[in-house]
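[1] A structural model of the following input is requested.
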Amino acid sequence: METQFLRHVAFGVVIWATLLLYPSTCSKPCSFPAIFNFGDSNSDTGGLSAAFGQAPYPNGETYFRTPSGPYSDGRLIIDFIAETLRLPHLSAFLDSVGSNFSHGVNFATAGSTIRPPNMTIQYGPSPISLDVQSVEFSDFHRRSQIYRQKGEFFEKLLPREEFYSQALYTFDIGQNDLTAGYKLNMSIEQIKAYVPDVLGQFSNVIKNIYDQGGRTFWIHNTGPVGCYPYILDRFFVNRAQYNKYGCADPFNDVAQFFNQRLKEAVVQLEKDLPMAAFTYVDVYSVKYTLITEAKKYGFEKPLVACCGHGGKYNYNRYEKCGTKKTIDGREVVIANSCNDPTIRVNWDGTHFTEAANKWIFQQIVNGSFSYPPNPLEMACQRRNTKNYV
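    Reported below is the predicted structural model:
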């Protein structure tokens, strides 16, 4: 995995060198006036918090200095994407307070699945699956243009019609569809068996957005959940199935199976939707490298949650980050953060710290882990997909 990671990095350097040395041979960077994001907690900037109550302190402590929606101490990868494209952070679609949608919308909500909840998941906080997010987008698209015609106030808060075809459409979802199977005590083979249906529904959403003018799609694969405390604490495997880093291989094998099928689905989508540009981003490899080589990159305790309460992984699903208890008549946070989140990988057992998110973003922004190898700012360029399946 280390050799593969270094190969990706070296390739990214070549890409950037080409852009710098031979600018006349390269297309101009894309100009994205807006981002429309779809996903789960990996990119939820406040959707679930708006619907069911704020993610409690110490969430948000590093960057925002207060709980602000995301399940992290600070910024997420989607925030760094917005900053790189010189756009404000995205407001959550469900957040009615202080939101500005002129530069895009974040439809992601923590706990979301691709398939509707009654099909794959009976446990989980979010009923807002990807098909619901797609309906929200369609309704927002239609109504935003009606309200923009009503005057200056709405014009300042809602995107222009042309932004929908010029925008970057980002996706980071699928992790909870896999976790759902584990919660239902399904076997590995049973979970793999429903992946094609999951990705079929994913493709349908992409096609719906394409039909409404969407042309540039930036799609993250799912991460190495077998290295995440919430999986390691709850779901057990045989001792021989833990690798030398402490990760549970069977869960990572399923994630990689999902990712390969997702990659194939993206290739097919590009064939089916010839006017669209697709970039499949291998965040799995980047996250796995960070976790398994944490010390090399200035991090520590990659399998232990920074914010949590007790146990081998500092994770307890009944006493998650920010949990309070009344002790001697006084409310006290018992699941607090570690001393220095900036050197930790995992924030709360499920999500990454801002420092980890920033490191991950820095590896993927130049196209080193993308197929085709599009840097973020060149993602609107359509490429031939034949050679990267």
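[2] low pLDDT regions in this protein?
    Applying pLDDT under 70 to the chain flags the ranges 1-26, 118-125, 384-389.
[3] what are the ranges of the helices in the protein?
    2-21, 47-52, 77-84, 117-120, 130-148, 152-157, 163-166, 175-183, 188-211, 229-234, 249-272, 283-292, 354-364 (DSSP state H).
[4] near A193, how many other residues are there?
    12 (other Cβ atoms under 10 Å). Every residue, glycine included, has its C-beta placed from N, CA and C.
[5] picking up where we left off before, ok, which of the helices of the chain comes nearest I219?
    helix 249-272 (5.9 Å; Cβ to Cβ).
[6] next, the angle from that closest one to helix 175-183.
    Helix 249-272 and helix 175-183 meet at an angle of 140 degrees, taking axes from the mean of the first three to the mean of the last three Cα atoms, to 10 degrees as the criterion.
[7] show me what helix 249-272 packs onto, helices and strands only.
    helix 175-183, helix 188-211, strand 216-220, strand 277-281, helix 283-292 (3 or more Cβ pairs under 8 Å, 6 or more residues apart in numbering; DSSP states H and E).
[8] CSV for the ones you listed, including distance to N59?
    Shown next, in CSV, are the helices and strands packed on helix 249-272 (distance: least, Cβ to Cβ, whole Å):
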stretch, distance to N59
helix 175-183, 19
helix 188-211, 28
strand 216-220, 21
strand 277-281, 25
helix 283-292, 20
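[9] nearest to F257, out of these?
    In terms of Cβ to Cβ, the element of those nearest to F257 is helix 188-211, at 5.5 Å.
[10] now do that closest one against helix 175-183, angle only.
    160 degrees.
[11] residues making contact with helix 188-211?
    Under the criterion Cβ atoms under 8 Å, 6 or more residues apart in numbering, residues 36, 38, 114-115, 120, 130-131, 133-134, 137-138, 169, 171, 173-174, 177-178, 181-182, 214, 217, 250, 253-254, 257-258, 261-262, 265, 268-269, 272-273, 275-276 lie in contact with helix 188-211.
[12] just the CA atoms of it, as PDB, please.
    Provided in PDB are the C-alpha atoms of helix 188-211 (Å, rounded to 0.1, in the frame of the first residue of the first chain):
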ATOM      1  CA  ILE A 188     -20.000 -10.600   4.000                       C
ATOM      2  CA  GLU A 189     -21.400 -12.300   1.000                       C
ATOM      3  CA  GLN A 190     -25.000 -11.000   1.700                       C
ATOM      4  CA  ILE A 191     -23.700  -7.400   1.900                       C
ATOM      5  CA  LYS A 192     -21.700  -7.800  -1.300                       C
ATOM      6  CA  ALA A 193     -24.900  -9.200  -3.000                       C
ATOM      7  CA  TYR A 194     -26.800  -5.900  -2.400                       C
ATOM      8  CA  VAL A 195     -24.000  -3.600  -3.600                       C
ATOM      9  CA  PRO A 196     -25.200  -3.700  -7.200                       C
ATOM     10  CA  ASP A 197     -28.600  -2.500  -6.300                       C
ATOM     11  CA  VAL A 198     -27.100   0.300  -4.100                       C
ATOM     12  CA  LEU A 199     -25.000   1.500  -7.000                       C
ATOM     13  CA  GLY A 200     -27.900   1.200  -9.400                       C
ATOM     14  CA  GLN A 201     -29.800   3.700  -7.200                       C
ATOM     15  CA  PHE A 202     -26.700   5.900  -7.000                       C
ATOM     16  CA  SER A 203     -26.500   6.000 -10.800                       C
ATOM     17  CA  ASN A 204     -30.200   6.900 -11.000                       C
ATOM     18  CA  VAL A 205     -29.600  10.000  -8.900                       C
ATOM     19  CA  ILE A 206     -26.600  11.100 -11.000                       C
ATOM     20  CA  LYS A 207     -28.800  10.700 -14.100                       C
ATOM     21  CA  ASN A 208     -31.500  12.800 -12.500                       C
ATOM     22  CA  ILE A 209     -29.000  15.600 -11.800                       C
ATOM     23  CA  TYR A 210     -27.600  15.300 -15.300                       C
ATOM     24  CA  ASP A 211     -31.100  15.700 -16.700                       C
END
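[13] return the set of buried residues in that helix.
    Of the residues in helix 188-211, 191-192, 194-195, 198-199, 201-203, 205-207, 209-210 count as buried by neighbour count, 16 or more other Cβ atoms under 10 Å.
[14] looking at these, which one is closest to H89?
    I209 (21.4 Å).
[15] quick revisit: ok, which of the helices and strands packed on helix 249-272 comes nearest V332?
    When these are compared by Cβ to Cβ, helix 175-183 sits nearest V332, at 30.2 Å.
[16] how far out from the middle of the chain is that closest one?
    Here the centre of helix 175-183 is set off from its chain's centre by 16 Å, with Cα atoms, centre = their mean, to the nearest Å.
[17] now the angle from that helix to strand 216-220?
    30 degrees.
[18] just the buried residues of helix 175-183, please?
    So, applying 16+ other Cβ under 10 Å, buried residues of helix 175-183: Q175, N176, D177, L178, T179, A180, G181, Y182.
[19] can you list those residues in CSV and add distance to Y63?
    CSV is the format used below for the buried residues of helix 175-183 (distance: Cβ to Cβ, whole Å):
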residue, distance to Y63
Q175, 23
N176, 25
D177, 29
L178, 29
T179, 27
A180, 31
G181, 34
Y182, 32
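[20] for burial, what's the neighbour tally of D328?
    Neighbours around D328, by other Cβ under 10 Å: 5.
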